[in-house]
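Trainee: structure for the following, please:
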Amino acid sequence: MTLRKPVPPLPIWAFALLIFIAILIILSTQGCATCEPTIIKVPVEVEVPVPIPPEPLEIAPAPEMEVCGEILSITDRVKCIRRNIERWRIYARKLLDEIEAHNAAIPE
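Mentor: This next block holds a predicted model:
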């Protein structure tokens, strides 16, 4: 019966080397899960329509109204109010026509 020599224990650097290799294998099998993606920047020319604001619409001044409160006669006061209403109606029609013409001139 022959006696075998006992196997000497591995030195500490061998254990450190084995642990280092194990960590490398573990990290290499995970792929690029923790890597940052590579961003490729290529300049692309894009044509975007830029709206051009229209010139502001100039509004005509409001019509001057007659003062109807000082007229004593009822019929004259009613006529005065009708004239004022007619002035406002003409002014409103003129404004509406200007606004519609202005809106029609704006390209879409």
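Trainee: next SSE downstream of the least confident helix or strand in the chain by mean pLDDT?
Mentor: Every helix and strand of the chain was ranked by mean pLDDT, DSSP states H and E. The lowest is helix 12-29, at a mean of 83. Next in sequence after helix 12-29, counting helices and strands by DSSP states H and E, comes helix 74-105.
Trainee: next one: that next one to chain centre, how far?
Mentor: Here helix 74-105 is found 41 Å from its chain centre; the criterion is C-alpha atoms, centre = their mean, to the nearest Å.
Trainee: cool, stretch 41-49 as well?
Mentor: That offset, for stretch 41-49, works out to 18 Å (C-alpha atoms, centre = their mean).
Trainee: in that stretch, what counts as buried?
Mentor: Buried residues in stretch 41-49, counted by 16 or more other C-beta atoms under 10 Å: none are found. The C-beta positions use only the backbone N, C-alpha and C, and glycine is treated the same way.
Trainee: what is the mean pLDDT for it?
Mentor: Averaged over stretch 41-49, pLDDT sits at 86.
Trainee: gap between the two ends of it?
Mentor: One end of stretch 41-49 sits 24 Å from the other (C-alpha to C-alpha, to the nearest Å).
Trainee: where are the low-confidence patches of this protein?
Mentor: For the chain, residues meeting the criterion pLDDT under 70 lie at 1-3, 7, 29-35, 54, 107-108.
Trainee: swap the cut-off to 90 and go again
Mentor: For the chain, the stretches flagged by pLDDT under 90 are 1-18, 22-61, 68-72, 98-99, 101-108.
Trainee: number of residues surrounding residue 80?
Mentor: Residues near residue 80, counting by other C-beta atoms under 10 Å, number 18.
Trainee: verify the contact between it and residue 71 for me.
Mentor: Yes. Between residue 80 and residue 71 there is a contact at 5.8 Å, judged by C-beta atoms under 8 Å.
Trainee: give me the distance between residue 13 and residue 97.
Mentor: Going from residue 13 to residue 97 by C-beta to C-beta, to the nearest Å gives 97 Å.
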